[in-house]
Structure formats: C-alpha cells, structure tokens
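**Student:** Fold the following, please.
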Amino acid sequence: MRKAILGLALTAGLLGCGSPNPNLAFQQRWENQQINDYRFTLEARCFCPKERVDPVRVEVRGGQPVSLVYADSGAPPGRAYWDNENTIDKLFAIIQANAGKPGVRLEVTYDAALSYPARVLLDPVAGAVDDEVTYVVSSFERLP
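**Tutor:** This is a model prediction of the structure:
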C-alpha cells in the first residue's frame, strides 16, 4: 500500500522574507511522537562516489544509529559517508541549518503520517554545478 506523502516545497528566498519556518512544525510533530527505534533506507542522489549514492539501510535504537549497511549487499560502508544523515533527527538538523539561508535552495517533502522528511533536496550554492544533493528516505518502519 502506498503511503500518503505530504509535500512542502520551500526555497530560501521565500523564507528569508521574515516568514516563519514551516519545517519546524513537521519537526515538532516528529519529536512529539517519540519514535526512537526505527529502520529506514536512505539514498543520496548526487554527483558523488558510488559508495555515497548506493542506498543504505539504517537502524536506529534509542535515537542513535546502531547499524548502517548497504541495502543491496548488507556490507557496511568503508568510510563515514553517512555520519551526518544517519538518523531522522540529523536530517532535520540539515533542514534547519539551511532553511532561510540566502542563495540556498531547499525543498522538503514530509511523510503525511509520521512527519519525517521523506525527500530533502538541498542545493547549497545557487548557480554552482554538481553541489546539490537529494536525500530520499524509504521503507521506514517503527521497531518494537
């Protein structure tokens, strides 16, 4: 069954005009649910090394990542490619750090049921080539 996705596209130019940051409402909904044990697949779509773009399966317990392996092989990444994105809270931190910054393009789509960021498009330097990245969260599941 396909999960409903609630979309919210934001650009830094719109947020820089004194508008409140609507991403905070989604983050608050996420935090209020106190989901600390979960598993998800994370993909980075970017002009990056293969080790960085191959999807990884992440398991989080007590809010901390306890397992991170490539989704296709089950092997752990050889380098710390995913240290900044390996929990939903860290994805929210990326969103908050970039929301409202001049020249930054940020578009976020949230899961309608649980309010986690299902897709984060980040282009930190307008006009620069190959600096953008899109994070895609899929196969999210709460763990007992």
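**Student:** Only C-alpha atoms from now on, for both contacts and neighbour counts.
**Tutor:** OK.
**Student:** How about G78, nearest residue that isn't a chain neighbour?
**Tutor:** E51 (8.0 Å; C-alpha to C-alpha, 6 or more residues apart in numbering).
**Student:** quick check, that neighbour in a helix?
**Tutor:** Yes. Judged by DSSP: H, G, I helix; E, B strand; the rest coil, E51 forms part of a helix.
**Student:** mind checking how far it is from T41?
**Tutor:** 15 Å (C-alpha to C-alpha, to the nearest Å).
**Student:** Which residue of those two possesses the greater neighbour count?
**Tutor:** Set side by side, E51 and T41 show more neighbours around T41, with 20 against 14, by other C-alpha atoms under 10 Å.
**Student:** returning to what we had before: you'd agree the residue nearest to G78 is up against P77?
**Tutor:** Yes. E51 is within contact range of P77, at 6.9 Å (criterion: C-alpha atoms under 8 Å).
**Student:** Pull up the overlap in contacts between those two.
**Tutor:** Taking C-alpha atoms under 8 Å, 6 or more residues apart in numbering as the contact rule, E51 and P77 touch no residue in common.
**Student:** In three-state terms, label R45 for me.
**Tutor:** strand.
**Student:** Skip the chain neighbours and tell me the closest residue to it.
**Tutor:** Using C-alpha to C-alpha, 6+ apart, the nearest residue to R45 is T134, at 5.0 Å.
**Student:** OK, contacts around that neighbour?
**Tutor:** 44-46, 119-122.
**Student:** Give the buried residues for stretch 77-84.
**Tutor:** Under the neighbour-count criterion of 16 or more other C-alpha atoms under 10 Å, stretch 77-84 has W82 buried.
**Student:** Endpoints of it, how far apart?
**Tutor:** First residue to last in stretch 77-84 (C-alpha to C-alpha) measures 14 Å.
**Student:** average pLDDT for that stretch?
**Tutor:** Averaged across stretch 77-84, pLDDT comes to 85.
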